[in-house]
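Undergrad: The sequence and its predicted three-dimensional model are supplied below.
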Amino acid sequence: MLKVFQLISIFVIFFVSKSLANDIEAGDKRFHKNCHNCHGKAGMGVASYPKVSGLDVSYIVDRLNRYRSGEKIGSNSGLMIAMARKLSDEEIRVLAAYLSSVNN
Ligand code: HEC
């Protein structure tokens with residue numbers, strides 16, 4: 001019986017980590033479409049554009065949702081509001097998975 005549970009756990013872990021890897025890959029692609037123009041390669045930040053990598057998933061999702069709804073957060077929110085307007089829930093989800101996974 002124990003073996004069956006062990007086997008099930010191995011499958012669950014395998015599929016969960018595989019889908020996370022897919023999200024990270026999709027987020028990487030999406031990020032390097034245009035976000036990197038301001039936030040730099042892998043979100044490491046450029047001049048006055050903030051570093052967006054290595055943050056918590058929940059923090060990134062929250063920020064992107066707030067910008068998407070038109071909320072001003074910092075003095076340069078106008079730029080991000082224009083960017084976030086076009087994002088779907090799915091894009092926000094994978095972007096957050098990717099950015100939080102980057103350690104730079
Ligand atoms: C035109 C330049 C520009 C582009 C392109 C851009 N951003 Fe931003 N981003 C900014 C600026 C400027 C801020 C700070 C805004 C403020 O003052 O509130 C910001 C803030 C953020 C933050 C919040 C950072 C924090 O520490 O709170 C996240 C997350 C973010 N951007 C992600 C993205 C993603 C994902 C994309 C691609 C869909 C993107 N940005 C595209 C300029 C840009």
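TA: Great, that's in hand. Numbers count the residues shown, from 1 in each chain.
Undergrad: how about the residues of this structure that lie near the ligand?
TA: Within the chain, the positions adjacent to the ligand are 34-35, 37-39, 49-50, 52, 60, 63-64, 73-77, 79-80, 83, 87, 95 by Cβ under 6 Å from any ligand atom. All C-beta atoms are positioned from the backbone trio N, CA, C, and that covers glycine.
Undergrad: Of all residues in this structure, which one is closest to the ligand?
TA: Among the residues of the chain, residue 74 lies closest to the ligand, at 2.3 Å counting by Cβ to the nearest ligand atom.
Undergrad: Any buried residues in the helix or strand harbouring residue 96, and which?
TA: In this assignment (DSSP states H and E), residue 96 forms part of helix 89-101. For helix 89-101, the neighbour count (16 or more other Cβ atoms under 10 Å) marks 91-101 as buried.
Undergrad: tell me the angle of the helix or strand of the chain with the lowest mean pLDDT relative to helix 89-101?
TA: Lowest mean confidence among the helices and strands of the chain (mean pLDDT, DSSP states H and E): helix 2-30, at a mean of 92. Between helix 2-30 and helix 89-101, the angle comes out at 100 degrees (axes from the mean of the first three to the mean of the last three Cα atoms, to 10 degrees).
Undergrad: Give me the buried stretch members for helix 2-30, please.
TA: Quick answer for helix 2-30 (16+ other Cβ under 10 Å): 23-24, 26-28, 30.
Undergrad: Name the next helix or strand downstream of that helix, please.
TA: Counting by DSSP H and E, the next helix or strand C-terminal to helix 2-30 is helix 36-39.
Undergrad: buried residues in that next one?
TA: Buried-residue list, helix 36-39, by 16+ other Cβ under 10 Å: 38-39.
Undergrad: State the mean pLDDT of it.
TA: Mean pLDDT, helix 36-39: 97.
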